[in-house]
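[1] Provide a 3D model corresponding to the input given below.
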Amino acid sequence: ILNTILSAKVAQGVGADIRESSFRKIQTFSFSNIEKLSTGNLVVRQTNDITQVQNLVMLSLQSLTRIPIMFIGAFI
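    Now for the predicted structure:
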């Protein structure tokens with residue numbers, strides 16, 4: 001349970017960092033670039049991509065802690 005909570009907190013932190021970074025990047029776009037992308041499309045892309053990265057981070061951290069424990073337990 002602790003592993004799940006910690007990995008979720010880390011994943012949320014990573015997601016927040018990515019959101020902040022991408023927001024800063026979008027702020028540097030020229031008006032012509034912004035007009036090419038619809039607001040809804042940009043929001044949906046960003047939300048889906050960041051959610052996928054968060055899930056990857058969370059599952060990876062859970063596996064990185066769970067697999068070694070199972071490996072050690074197999075030899076005991």
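
[2] and the closest residue to Arg66 other than its chain neighbours, what does it touch?
    Excluding the flanking residues, the one nearest Arg66 by Cβ to Cβ, 6 or more residues apart in numbering is Asn3, at 6.7 Å. Where C-beta positions appear, they are placed from N, C-alpha and C, glycine not excepted. Shown in contact with Asn3 (Cβ atoms under 8 Å, 6 or more residues apart in numbering): 61-62, 65-66.

[3] any idea which residue is closest to the centre of this structure?
    With distances taken as Cα atoms, centre = their mean, Gln54 lies nearest the centre of the chain, 2.5 Å away.

[4] any weak-confidence spans in this structure?
    The model of the chain has no residue with pLDDT under 70.

[5] what comes up buried for the longest helix along the chain?
    Determined from DSSP state H, the single longest helix within the chain is helix 39-75. Residues 50, 54, 57-58, 61-62 are the ones in helix 39-75 that count as buried (16 or more other Cβ atoms under 10 Å).

[6] so Gln12 touches Thr51, yeah?
    No: Gln12 is beyond contact range of Thr51, at 11.0 Å (criterion: Cβ atoms under 8 Å).

[7] which of the buried residues of helix 39-75 sit farthest apart?
    Ile50 and Gln62 (18.7 Å; Cβ to Cβ).

[8] what helix or strand does the nearest residue to Met58 once chain neighbours are set aside sit in?
    In space, and not counting its chain neighbours, Met58 is closest to Ala11: 4.0 Å by Cβ to Cβ, 6+ apart. Using DSSP states H and E, the element containing Ala11 is helix 2-27.

[9] relative to the whole chain's centre, how far out is that helix?
    Relative to its chain's centre, helix 2-27 lies at 6 Å (Cα atoms, centre = their mean, to the nearest Å).

[10] got it, and stretch 25-33?
    Going by Cα atoms, centre = their mean, where stretch 25-33 is centred and where its chain is centred differ by 23 Å.

[11] who touches Val53 in this structure?
    Val53 neighbours (Cβ under 8 Å, 6+ apart): 14-15, 18.

[12] from Ile76, how far off is Gln54?
    According to Cβ to Cβ, to the nearest Å, Gln54 stands 34 Å off from Ile76.
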